[in-house]
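Enquirer: Structure, please.
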Amino acid sequence: MAKIVADQLVEMLVEAGVKRVYAVTGDSLNFFNEAIRKDGRLKWIHVRHEEVGAYAAAAEAELDGIACCAGSCGPGHVHLINGMYDAHRSHVPMIVIASTINTSEMGMGYFQETNTVKLFDDCSCYNQLITTAEQAPRIIQTAIQHAIGQKGVAVISLPGDVSEMKA
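Expert: Take a look at the predicted model:
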């Protein structure tokens, strides 16, 4: 079976030392969630609210060196912000996966669309949107390097349709 971008993301997070992903299952995170399940090396920690996931990841990053949380489009993104500020101001390396609506729906007024680059700019040291499968490895690697090197929050915005593209 061909590897997809979500599988590639999981591999790169594992290689960076991430052990767990704190998130709420569903929506545009489904391919990432499934990639974690198939790979088996990361543990998906289901939380009841994205804010809890962001705070948990921030605490883990402070104790363990790097951590990851994720939130899906719309409210999931907004709920991550308090924990992201906490991690960013505490200078701990945290990767945030902000799964977004499909690229074909961007800019069309979709009810759960957020502009992740604007939304997360003040609480991150790196913040980019992946729009093609070809961009994925470079953006993921750059995010990891920024999180570790600058000891801060690095955001990878990943549209649902891009996460299922062939890597």
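
Enquirer: Is the closest residue to residue 41 other than its chain neighbours part of a helix or strand, or is it coil?
Expert: Take residue 41 and drop its neighbours on the chain: the residue closest to it by CB to CB, 6 or more residues apart in numbering is residue 14, 4.8 Å away. The C-beta positions use only the backbone N, C-alpha and C, and glycine is treated the same way. Under DSSP: H, G, I helix; E, B strand; the rest coil, the three-state class of residue 14 is helix.

Enquirer: Quick check: the gap between residue 30 and residue 137.
Expert: Going from residue 30 to residue 137 by CB to CB, to the nearest Å gives 21 Å.

Enquirer: where does the residue nearest the centre of the chain fall, helix, sheet strand or coil?
Expert: Centroid-nearest residue in the chain: residue 97, 0.7 Å away (criterion: CA atoms, centre = their mean). Under three-state DSSP, the three-state class of residue 97 is strand.

Enquirer: Also the one 10 residues further on?
Expert: Recorded secondary structure, residue 107: coil (three-state DSSP).

Enquirer: Give me the nearest residue to it, chain neighbours excluded.
Expert: Going by CB to CB, 6+ apart, residue 107 has residue 113 as its nearest residue, at 7.9 Å.

Enquirer: Give me the phi and psi angles of that neighbour.
Expert: Per-residue torsions, residue 113: phi -80, psi 130 (degrees, to the nearest 10).
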